[in-house]
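1. model the structure of this input:
(2 chains)
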Amino acid sequence: MSLTEQSAPSVKDFMDDPIGFFGESLTQMHSIPRTELEALQRKAMSIRFQQHRDSIEMLRKLADRLGITEVNDLNDVVPLFFSHTAFKSYPAALIDNKRFDLMTKWLDKLTSHDLSGVDTRGCNGIDEWIDRLDEQTPLEVITSSGTTGTLSILPKDKHGAREGMVLWKICLFQTFGVEPTAEQLNPAVEVIWPNYASGKLGHLRIANMIKGGFTGGDESKFHALYSDSIDTDLMFLASKMRAAASRGELDRLVIDPVLAARKDEFIAMQMRQPEELDVFFTEISEKLRGKRVFMIGTYNLMYDVAKAGLERGITGVFAEDSVILTGGGAKGFVLPDGYMDIIRDFLGVDRIQEGYGFSEQSAFHFACTEGRYHVQPWVIPFVLDPETSQPLPRTGRQTGRAAVYDVLLKAHWGGVISGDEVTIDWDLVCPCGQTSVAFEHDIIRYSEKQGVEDDRITCAATHEVHNEAVNFMKEFES
Amino acid sequence: MSAAFTVPLFLRGEVITDDLVSFGTRAGGSEFQAPDMSKYVERLPLASPMQMSDLYDVGFEEILDVLEAVGDALVFETNTHLQEAYEAALLANPLPAAMLKNSYRILQPLFARANVLEVADSQVGLDYLNGWVPQRLADGRELRVRAFGSRVLHIPAGNGGLVSAVTILRSVIARCDTIIKAPSNDPLTAIAIARTLADVAPDHPITKHLVVGYWKGGDLSVEENLYQPQHIEKIVAWGGLASVKHVTRYIQPGLELIALDPKRSATIIGAEAFEDEATMRDVAGRAAVDIGVANQEGCANARVIYVMSGTDAAGIANANRLGEMIYQALIALPEFISTPPLHPSRELFEHLEASRMADDWYHVIGGEHREGAIVVSQFDSAVDYSAMLSGRVANIVPVDTLDKVTAAVNAYTQTIGIYPESLKRQLRDQLPLFGAQRLTTLGYACNVAIAMPQDAIEPIRRMCKWIVDEECDPAVVIPLWRLGAAPTGPDADLAQV
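-> Predicted structure coming up:
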């Protein structure tokens, strides 16, 4: 057997089943020598590009226009990167006019899955449409909202969600340098979810994933702050409101009658929240005190919960070996100095893990003991010139715009440019022992850096934005 | 980083360059220095309103003489103040050199005698500026009305030197005491004109009633001191939503805001544009100018262009063809009018690339080198990022009926360029109800005259204080005391008022 024949199947395993390839081991994922990994990545990238060029129309058109028929060197893929705008390039009028048939047609061009058979007849809103896609296709779409009055719609799939959940488990419950135990591979802990119980927004889809995955299948171990679901159509309204306000057109904004008819339901949900907050804390302090938990939330969400908990006199509430994950940057919120100490005081957990990522990717990159975010092996990181998007050299210490090519992604194209300024020290051998390339800890959005008023609606502000839309509806006599 | 240039304080004829502190420019990169205004703020306003009386010893002929002399001295090749202003703008402004240089060439005609007279007479009235205008009311009283200048603080926009020049022109016409906060993206043009004024008319009352300086917008040590009714009566604020909003916190009885706030403009092209090839080319050329002037940095520039082509296949094809023609005309514009933008918005071009991929809905022409672009919607709605359009990127929207267009006009709409004239006449009684402020011939959106209202107000009239002198002869105008003496009379209630 020649070397190429021998290596071919291993690339296939690497890109299609990294969990198996790395033997479910965090240590193995981040111990692979760089040159060996890069060779795998390059081959995987080349293969995935060909697959996606055949199956994703928008990528094919872009590649054709640029005259790119193959990608061999890592930098070859950079001109093909999508920015966040690609996932909201549909006209918002399609949603206003409930043309979910045309929305499906648009989405079909962004995914490798075939959506031609999807029946959208009678679809009355975004959530209904996404439910149809959930039922009729391999997709598990996630959304996020922005300022131009549109929502990003990312065609993730169920396979990716399942895989992502296992990868999360591996990264969160294992310790680098120690091979996993059976308990770590199948943890059954109480899950604290300081958020809405469900919804189609990226971070809420995760809830569904870990509800079964982290609790050993016992969903009663899942504890959400709010029992309700975030309504995507309401988030779309909030997004439109902000865009209309910036154009001086708030008076022209029309609320979809189907949504308006649910006004009382939304107001009731808003009214329930203070009570649910009390119930949440009662449950934590009475039933879950001292237990090992998994809890996840953005910095500001964690801080808010910790502060509210401390105000109720609750401290050191969980077991010391609980798994806590936070991240997401401050995202426009100003947190007081020492906010991490407040979070630790409330939780009673010293080690708080941090993750960096964006919803276009398959998984987070987790911070090591040195505070660096080690890039997952199936993700090829790039540092680009922030203005021209030309790749900066993969040597020395480089600061610029983060971009990644994620070879694991099957349902949509894995090359994306972020809005974040990052630093990578390409020559660094991290003292934590992981061989993987890492983003330095300090990451900032370019919009924040330039002092641009960034009123993007991020996952950190879901609660505020949701309330904003409900309040707006209250003013309307429907 | 060393300071690239200095913005002096022009204080009523005196040029001050002491107590310098550093500031960043809007274009980023370079820094400049200016006197620490907190040290001078007390000297900026007039010590007493009585000091304005010298302006009334100056006849209008003399005002015309001084302004004409200023205009004659504002020749770019020989005026070192203007040359300095140009050098500073190169660092502080996003516009390319040729365009900036050109913006100084239009200053001289602005101050020409005939132009000043036309502005003064049409926008205020010479009689009101120069004396008491008599008028007899129906009740018999004799009125005399005069327009007095006020103590005005100006916060002009910095997109081109014209705004600073117009600010000074308007102030002088109205005999105002004028304090100008220089814009950071055009930091020296107002100073250059002021220094030219001091050169041609040293110690003249007009020179002594002009202050130009720089402080950072939001600098409370300056603003809270100066923005007080005892120092200034009116603030004329141009520019961005945030800066105008910020100024409103100082507005109180006795201190009025004249807002020339941020606006966007639109374009409407009638079906007549498609009559023949030559007409289409003409229309495309005009639309390209409305988009391209000064690289679409202004509020009057065309951005969303509604085209009455219809939305059937033939209509869309026509809109696309017009889009191609506009793009060709746009990139062929001479560089003193328009060039590829120096600082294109990355966010906008990301949206543009996304639209290019969504070709069921949008046809994107050009833009691959960020030189400008035309996005033709393939249905009857504007792109969702229309508020970001800048740097020579416009959106053509084919429509079937005019109500699609009126739906897009709102309180933020300033200019609407229209083709042909007959369509303009048809629309002019409706569009203002929605918010449009200026309807003009296609191709003239950025060709703005001063002798006309701006942003639906008359700024110079607003800068004046309209003072009334009444003369009431008790034999003619029935006096209240006489009504009071006859409480049973039919006008008794009036006397109580």
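2. please name the nearest non-neighbouring residue to the residue in the stretch 101-250 of chain A positioned nearest to chain B.
-> At 3.8 Å from chain B, residue A:248 is the closest residue in the stretch 101-250 of chain A, using Cβ to the nearest Cβ. Where C-beta positions appear, they are placed from N, C-alpha and C, glycine not excepted. Excluding its sequence neighbours, the residue lying closest to residue A:248 (Cβ to Cβ, 6 or more residues apart in numbering or on different chains) is residue B:412, at 3.8 Å.
3. any idea of the pLDDT on that neighbour?
-> Note for residue B:412: predicted pLDDT of 81.
4. tell me which helix or strand comes right after the strand or helix carrying residue B:91.
-> Following DSSP states H and E, one finds residue B:91 within helix B:80-92. As assigned by DSSP H and E, the chain's next helix or strand after helix B:80-92 is helix B:97-105.
5. returning to that earlier point: how many other residues sit next to the residue of the stretch 101-250 of chain A closest to chain B?
-> The tally of other residues near residue A:248 (other Cβ atoms under 10 Å in any protein chain shown) stands at 19.
6. the residue nearest to residue A:248 reaches residue B:435, doesn't it?
-> Yes: counting by Cβ atoms under 8 Å, residue B:412 touches residue B:435, with 7.0 Å between them.
7. now residue B:67: how far from residue A:140?
-> Separation of residue B:67 from residue A:140 (Cβ to Cβ, to the nearest Å) stands at 71 Å.
8. these two - which one has more neighbours?
-> Comparing residue B:67 with residue A:140 by other Cβ under 10 Å, the one with more neighbours is residue B:67, at 25 against 22.
9. so the more buried one: helix, strand or coil?
-> What DSSP: H, G, I helix; E, B strand; the rest coil gives for residue B:67 is helix.
10. how near is it to chain A?
-> Counting by Cβ to the nearest Cβ, to the nearest Å, the separation of residue B:67 from chain A is 37 Å.
11. now that residue: closest residue in space that isn't a chain neighbour?
-> Closest to residue B:67 by Cβ to Cβ, 6+ apart is residue B:111, at 4.7 Å.
12. for that neighbour, grab the count of nearby residues.
-> 24.
13. quick one, phi psi at it?
-> Main-chain torsions, residue B:111, degrees, to the nearest 10: phi -90, psi 0.
14. dump the residue contacts of it.
-> Applying Cβ atoms under 8 Å, 6 or more residues apart in numbering or on different chains, we find residue B:111 in contact with B:67-68, B:70-71, B:74, B:165, B:169.
15. around chain A, pick out the residues from the stretch 251-400 of chain B.
-> With the criterion set to Cβ under 8 Å from any Cβ of the partner chain, the stretch 251-400 of chain B comes near chain A through B:264, B:346, B:350-351, B:353-355, B:357-361, B:377, B:379, B:381, B:383-388.
16. give me the buried subset of the residues you listed.
-> With burial judged by 16 or more other Cβ atoms under 10 Å in any protein chain shown, the buried subset of those is B:264, B:346, B:350-351, B:353-355, B:357-358, B:361, B:377, B:381, B:383-388.
17. sort out for me which of these are in helices.
-> Within these, residues falling in helices by DSSP state H are B:346, B:350-351, B:353-355, B:357.
18. any regions of the stretch 351-497 of chain B where pLDDT drops low?
-> B:484-497 (pLDDT under 70).
19. that one: helices as residue ranges?
-> Along the stretch 351-497 of chain B, counting by DSSP state H, counting those that start in this stretch, helices occupy B:403-406, B:421-427, B:431-434, B:459-463, B:480-485, B:492-496.
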